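turn this into a model:
(2 chains)
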Amino acid sequence: GQSLEQPSEVTAVEGAIVQINCTYQTSGFYGLSWYQQHDGGAPTFLSYNALDGLEETGRFSSFLSRSDSYGYLLLQELQMKDSASYFCAAPGDYKLSFGAGTTVTVRA
Amino acid sequence: IAGITQAPTSQILAAGRRMTLRCTQDMRHNAMYWYRQDLGLGLRLIHYSNTAGTTGKGEVPDGYSVSRANTDDFPLTLASAVPSQTSVYFCASSDGGLGGEQFFGPGTRLTVL
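Here you go, the predicted model:
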């Protein structure tokens, strides 16, 4: 099975940088995905790291270290619209296992 | 239709009643999934289907059943609803590749009294 741990909440001000860590224990590991979910909305895909290293997509970056069973999502130049929940997820056998989610609150 | 649709948007249901949540996608994705989302527990997989005609159990399948008669539709049935099934239910689909993006529907908010 898969077990993913991430912090429950993070608060930061506009323009700041936030790093959301995700540690995992899996029986078979293929990579790490990240999803964003605004309150009341559907989760939407942000990124997927199959290999170690940093993947950058605009203000968001995602990192994976297989040797440390660890990854993170980096949110830069925070904006109010980035207030949302962020989930790490590990694919396996055509299924995704999700972490419990990190609620990011951006303050003015 | 564009993407995934779910119906109903919300429902209040008496305990013991049967309920089917509908999910339809128009992306011709092979794989479809049902999740429930409860506060503090994230998204938990109920059932999945890798392709039409096949289904599998996820993390929390008890009390739920699914069918996949064709590529587009993946209904979730609660045979006899109980209050612990009060949750937000999301349907999702993907092309089935590892790490591939899952596309989520807007969700159904179900309350069982």
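
so what pLDDT did the spatially most central residue of chain B get?
Closest residue to the average C-alpha location of chain B: B:W34 at 2.9 Å, with C-alpha atoms, centre = their mean. Predicted confidence (pLDDT) for B:W34: 97.

doesn't it lie inside a strand?
Yes. Counting by DSSP: H, G, I helix; E, B strand; the rest coil, B:W34 falls inside a strand.

name the element the spatially closest residue to it that is not a sequence neighbour belongs to?
With C-beta to C-beta, 6 or more residues apart in numbering or on different chains as the measure, B:I46 is the residue that lies nearest to B:W34, at 4.4 Å, once sequence neighbours are left out. Where C-beta positions appear, they are placed from N, C-alpha and C, glycine not excepted. Per DSSP states H and E, B:I46 falls inside strand B:42-49.

contacts for the host helix or strand of A:F63 next, please.
For A:F63, the element it lies in under DSSP H and E is strand A:60-65. Contacts with strand A:60-65, where a contact means C-beta atoms under 8 Å, 6 or more residues apart in numbering or on different chains, come from A:31-32, A:34, A:46-49, A:51-55, A:70-76.

what pairs with it, parallel or antiparallel?
For strand A:60-65, the paired strands and their directions (DSSP bridges) are strand A:53-57 (antiparallel), strand A:70-75 (antiparallel).

and the buried ones among the contacts of strand A:60-65, selectable in PyMOL?
Listed next is the PyMOL selection for buried residues among the contacts of strand A:60-65, using 16 or more other C-beta atoms under 10 Å in any protein chain shown:
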select buried, chain A and resi 31+32+34+46+47+48+49+55+71+72+73+75
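
B:A15 is in contact with B:T111, correct?
No. B:T111 lies out of contact with B:A15 (C-beta atoms under 8 Å); the separation is 10.6 Å.
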